[in-house]
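*Asks:* structural data only, the sequence is not supplied:
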């Protein structure tokens, strides 16, 4: 009979809890008449974990030498035979007697079923105060803000998915950020997702989490996968502020701010801010081109934008900016020549022209970068 369900347990020094988890899964297989398999992926245990697992001849034991939560899970999932897959930690924090609830949702047609500790019950001493009220809500909130959806517990380790959905997600990470990557890819690829409340128990044994390091890995990963928040928003802020101030000083000779008149010295700083903003926006375009080319997102607006902003058009625009800046500089030389190269009072126009010329150069090379990242190899 074909395997219906594969349960994946990543394991690193879980000698006190691994057998409890295995027995729970076996009990539920028998009670619910589930044709399933248990796969334990050892990630370098130095205690008796492997010895205990080997006592269960019907448990598939795999070894992953590359360290990391994601690496261990990917190894197990790649070797799973089941149509449906459930992953959970081997420290007994999750109740595997809840497996039928996940399986039921998968059979209803959901691609990814997330457990939610916050919609369910978190037992005393199961989660630290900082993780419960700061870390997890903050990270889940960032994920909802950046990528949409309504997942309340994006880092719950008990979740289920179909093998077909996993293959569509094409996950790559090897560390704790694997949890975020799965949800992000599922959202971006419009997979059908739901949450169910679960109970979270105090773990048996020592925690492998490093709060700040693992939190940063999640944040870093989310930022890298959301170029709009990482590049577009700060780029627009810098550009709008810098360009507004620069144009104001160029046209009027000064601007009034905080009850004072500001002139050419502020123009120097505002031109730098403008250049920073423009450079960030060039990076944003390249980042969007890359995410689109690898199939990470299928946004019709970005697809249309990349069609309009092809290499030749951006190069032409960049060249126009560069030549516009050069014309401004040539005009200054012309004015200077008319005074027999005497005293010159065109510093405002000079700074602004140099800024425009530099923006043109940024645009030209940014255009080539956005085209490079779209190169496809068969």
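*Replies:* Okay, I see it. Here the structure is a predicted model, which means the values were calculated and not measured.
*Asks:* just list whatever residues bridge to residue 256.
*Replies:* Listed beta-bridge partners, residue 256: residue 261 (assigned using DSSP bridges).
*Asks:* any idea how far it is from residue 262?
*Replies:* Distance from residue 256 to residue 262, counting by Cβ to Cβ, to the nearest Å: 8 Å. Every residue, glycine included, has its C-beta placed from N, CA and C.
*Asks:* got it, and residue 229?
*Replies:* Noted for residue 229: a distance of 31 Å to residue 262, by Cβ to Cβ.
*Asks:* could you do residue 41 as well?
*Replies:* From residue 41 to residue 262 the distance is 62 Å (Cβ to Cβ).
*Asks:* got it, and residue 324?
*Replies:* Residue 324 sits 25 Å away from residue 262, taking Cβ to Cβ as the criterion.
*Asks:* look at these two and report which has more neighbours.
*Replies:* residue 262 (17 against 14; other Cβ atoms under 10 Å).
*Asks:* I'd like the distance between that one and residue 347.
*Replies:* For residue 262, the distance to residue 347 - Cβ to Cβ - is 14 Å.
*Asks:* shaky segments in the stretch 151-300 of the chain?
*Replies:* Filtered on pLDDT under 70, the stretch 151-300 of the chain yields the residue ranges 208-210, 295-298.
*Asks:* can you map out the helices along it?
*Replies:* For the stretch 151-300 of the chain, the helices defined by DSSP state H, counting those that start in this stretch occupy 163-169, 178-188, 211-224, 227, 233-252, 264-293, 300-308.
*Asks:* buried stuff in the last one?
*Replies:* Think helix 300-308. Across helix 300-308, burial judged by 16 or more other Cβ atoms under 10 Å covers 302, 306.
*Asks:* so the following helix or strand past it versus helix 264-293, what angle?
*Replies:* Where DSSP states H and E defines the elements, the next helix or strand beyond helix 300-308 is helix 311-338. Direction vectors for helix 311-338 and helix 264-293, defined by axes from the mean of the first three to the mean of the last three Cα atoms, to 10 degrees, enclose an angle of 170 degrees.
*Asks:* please state the offset of helix 311-338 from the chain centre?
*Replies:* 39 Å (Cα atoms, centre = their mean, to the nearest Å).
*Asks:* packing partners of that helix?
*Replies:* Counting contacts by 3 or more Cβ pairs under 8 Å, 6 or more residues apart in numbering; DSSP states H and E, helix 311-338 packs against helix 347-372.
*Asks:* in the helix it packs on, what's buried?
*Replies:* 348-360, 362-364, 366-367, 369-371.
*Asks:* residues contacting the spatially closest residue to residue 253 that is not a sequence neighbour?
*Replies:* Once flanking residues are discounted, residue 253 sits nearest to residue 263: 6.5 Å by Cβ to Cβ, 6 or more residues apart in numbering. If a contact means Cβ atoms under 8 Å, 6 or more residues apart in numbering, then residue 263 has 249, 253-254, 348 as its contacts.
*Asks:* longest strand anywhere in this structure?
*Replies:* As assigned by DSSP state E, the longest strand anywhere in the chain is strand 112-122.
*Asks:* what about the following helix or strand past it, distance to the chain center?
*Replies:* Proceeding N to C from strand 112-122, the next assigned helix or strand is helix 129-130, under DSSP H and E. The chain centroid and the centroid of helix 129-130 are separated by 24 Å, computed with Cα atoms, centre = their mean.
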